[in-house]
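Trainee: Fold the following for me, if possible:
(one chain, ligands or ions: 2)
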Amino acid sequence: MVTMDAIAVAQVLSEIGYLLRQDPTEVFRAKAFSAASWSIALSRPDLAALHRANRLDSIEGVGAGIAKVLAGLIETGRSSYLERLRAETGQPSRDDESNLDLTAYRGDVHSHTDWSDGRATMLEMARAAVALGYRYLGVTDHSPRIKVVNGLDAERLLAQSRELAEVQAQVDGLTLFQGIEVDILEDGALDLPDAVLELLDVVIASPHVKLRQESAAMTERMLRAVSHPLVDVIGHPTGRRPGSREGATYDFEAVFKAAARSGVALEIDCDPARMDLSPELARLALECGCSFTLDADAHAPAELAYVPMAAWMARRAGIPPERILNFLDVDELADALG
Ligand SMILES: [Zn+2]
Ligand SMILES: [Zn+2]
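Mentor: Residues are numbered from 1 along each chain as shown. Ligands and ions are numbered 1, 2, ... in the order given. I've put the predicted structure just below:
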């Protein structure tokens, strides 16, 4: 029997979920693989022992079909199902082109709390980050434009900063960065004034609406966002939702080059519903000289465990660790964020 650790197994299941999502009729199965992957990444069960006891399906989120894939993986270290999917989708493995070691991942810069549409308190999110051994967590709730998510204006951000100080005092070894996930408006302006953004530790600017804008207008919009001096990261840069929504189309090369010039990082958002940038676009961004963040965009503590997926996506894009902000120590990150 081959020994594969739970994270390596979770990454295989993640990749299967990702490849299945390329086919709109397989969304349900894709979600099941993604969910099983997160469950294993989070609980790190003793897979070999469960396999010997014929109890792989006792893992949360693992049914008979996934248990069979797991059994093959544990016995051989390979997944013939994954290999077939790679062949069918014309996506050869590029896993060897970068050897990212996830143990060097220091923290996530994009997360949500119940201040906007997260499902947990800031303290619960912070404790989950501590449990994962993170040194920092970016608390980046939404800006006001999207009413349904109860976005934060200047006044609520100020109130949030008081809670952040209280939570900070209750967690050891974790630095909380107060940030915002600010909407990129249709014309490329941001959804909060500079005077507010300036006070925050991290500014993630994300496209959420009007993603079907015509390409030239979308290019202008994104160029304006990456050139904004207070933006640190572009969140889920295309807004795609594999299996349900195409992302925005724009002159990726022009925008990525501008981001590289202005020192704005691009996010690989590994929420399984997003997986954005895709490994293919991330590879282009890498060639354009960009830096990256690998973020779970977690809306609940368990979702922080999406990160192995980001590592897989970054590996697939060939991104070396020195281009990834989440591998920086807390002081280096604070410097990088200006
Ligand atoms: Zn977002
Ligand atoms: Zn978000």
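Trainee: Tell me if I am right that residue 188 is in a strand.
Mentor: No. Looking at residue 188 with DSSP: H, G, I helix; E, B strand; the rest coil, it is coil, so not inside a strand.
Trainee: need the contact list for it.
Mentor: Going by C-beta atoms under 8 Å, 6 or more residues apart in numbering, residue 188 touches 220-225. In short, each C-beta sits where N, CA and C put it, glycine included.
Trainee: Next, work out how far apart the spatially closest residue to residue 79 that is not a sequence neighbour and residue 11 are.
Mentor: Once flanking residues are discounted, residue 79 sits nearest to residue 73: 5.0 Å by C-beta to C-beta, 6 or more residues apart in numbering. Distance, residue 73 to residue 11, using C-beta to C-beta, to the nearest Å: 11 Å.
Trainee: Give me the neighbour count for residue 103.
Mentor: Residue 103: 7 surrounding residues under other C-beta atoms under 10 Å.
Trainee: next one: phi and psi at it?
Mentor: With angles defined as degrees, to the nearest 10, residue 103 sits at phi -70, psi -20.
Trainee: Within range of ligand 2, give me the residues from the chain.
Mentor: For the chain, the residues in contact with ligand 2 (C-beta under 5 Å from the ion) are 181, 297.
Trainee: Can you give me the neighbour number for residue 328?
Mentor: 20.
Trainee: what sits against it?
Mentor: The contact partners of residue 328, taken as C-beta under 8 Å, 6+ apart, are 106, 336.
Trainee: three-state assignment of residue 294?
Mentor: strand.
Trainee: where does the residue of the stretch 51-200 of the chain found nearest ligand 2 land in three-state SS?
Mentor: Distances between the stretch 51-200 of the chain and ligand 2 by C-beta to the ion are smallest at residue 181, namely 4.6 Å. Under the three-state scheme (three-state DSSP), residue 181 adopts strand.
Trainee: can you map out the strands along the stretch 201-338 of the chain?
Mentor: Secondary structure of the stretch 201-338 of the chain (DSSP state E, counting those that start in this stretch): strands at 202-206, 233-234, 265-269, 292-295.
Trainee: helix or strand for residue 108, which one?
Mentor: Element membership for residue 108, per DSSP states H and E: strand 107-111.
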